[in-house]
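Visitor: Prediction below, plus the sequence it came from.
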Amino acid sequence: MTEDDGWNSSAEAWITEQGEEGDYGRRFVLDAPMIARIEGRGFRTALDIGCGEGRFCRIMRGLGIAPTGIDPTESLLARARALDPKGDYRAGRAETIGQETYDLVVSYLSLIDIPDIDTAIPKMVEALKPGGTLLVANLTSFNTAGPAEGWRRGPDGEPFFTIDHYMEDRARWVGWRGIRIVNWHRPLSRYMSLFLGQGLILRHFDEPLPQGGAPDKADRYRRVPYFHIMEWQKPG
Ligand SMILES: C[S@@+](CC[C@H](N)C(=O)[O-])C[C@H]1O[C@@H](n2cnc3c(N)ncnc32)[C@H](O)[C@@H]1O
């Protein structure tokens, strides 16, 4: 967003929330299946769009990939550089990526943060070499169609999750533990038609289940759709 989207004022709380190993969803749901999509595939270069404080770039470097991370939030980039002084972290937005030739482009929970998705997705594809891979982890549209507070209690006291206005694109403020940021909701068809419109081929789709962590948290991640992973290939 050109106006404030909360990321600058939330950066410190975000860094605390992620810690060394990432928050619950990253550590116990997404990291393992995301790593499984890239490990041993021969990717040499990668662009991580919305890299934040750089945790997934550090993971990629550990797998022998040379990643470049871009993010518009300076204090997150400063943290990424401090934790990984040899890494390549640049100020930038998905909407203004230049033409590049990466083997792999990653968006790890950043599509929901990008305001101009119609510009950003073609730019992500432009940044890939022919035959390259676009790997996306996103909050599902079923989840982002929930109100910011998500869970409610029914008359019987049982918690349930509500969604509404599913087909309407919208930005909303969400907050937890000192973080207050804008997230975008778009129906799944918005994202799918943008990827398909770029001529990409869908190679993998998954809604990963939690693997461990606190049982009550895992139960919530099983009851409600949270994340999906999509791997798209740019035609060679
Ligand atoms: C939910 S965080 C994800 C960070 C990191 N990928 C991770 O998984 O920890 C979303 C990130 O998107 C960044 N962001 C916000 N607007 C953006 C834009 N227009 N283009 C690229 N990144 C953006 C934010 O600064 C933030 O670091």
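Guide: Cool, the structure landed.
Visitor: list the buried ones in the lengthiest strand in the chain?
Guide: Within the chain, and with DSSP state E defining each element, the longest strand by residue count is strand 128-139. For strand 128-139, a neighbour-count test (16 or more other CB atoms under 10 Å) marks 128, 132, 133, 134, 135, 136, 137, 138, 139 as buried. (Glycine included, C-beta is placed from N, CA and C.)
Visitor: Check these and tell me the two furthest apart.
Guide: Farthest apart among the buried residues of strand 128-139 by CB to CB are 132 and 139. That separation is 24.1 Å.
Visitor: how about the helices in this protein?
Guide: With DSSP state H, the ranges of helices along the chain come out as 7-18, 24, 31-38, 55-62, 74-83, 117-126, 141-144, 188-197, 215-223.
Visitor: Can I get those helices in a markdown table including mean pLDDT?
Guide: Shown next, in a markdown table, are the helices of the chain (pLDDT from 0 to 100):
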| stretch | mean pLDDT |
| --- | --- |
| helix 7-18 | 96 |
| helix 24 | 96 |
| helix 31-38 | 98 |
| helix 55-62 | 98 |
| helix 74-83 | 98 |
| helix 117-126 | 98 |
| helix 141-144 | 96 |
| helix 188-197 | 98 |
| helix 215-223 | 93 |
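Visitor: Redo those helices as JSON lines? Include distance to residue 232 and mean neighbour count.
Guide: Output for the helices of the chain, formatted as JSON lines (distance: least, CB to CB, whole Å; neighbours: other CB atoms under 10 Å):
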{"stretch": "helix 7-18", "distance to residue 232": "26", "mean neighbour count": "17"}
{"stretch": "helix 24", "distance to residue 232": "26", "mean neighbour count": "19"}
{"stretch": "helix 31-38", "distance to residue 232": "11", "mean neighbour count": "18"}
{"stretch": "helix 55-62", "distance to residue 232": "17", "mean neighbour count": "21"}
{"stretch": "helix 74-83", "distance to residue 232": "25", "mean neighbour count": "18"}
{"stretch": "helix 117-126", "distance to residue 232": "8", "mean neighbour count": "19"}
{"stretch": "helix 141-144", "distance to residue 232": "17", "mean neighbour count": "20"}
{"stretch": "helix 188-197", "distance to residue 232": "6", "mean neighbour count": "15"}
{"stretch": "helix 215-223", "distance to residue 232": "24", "mean neighbour count": "13"}
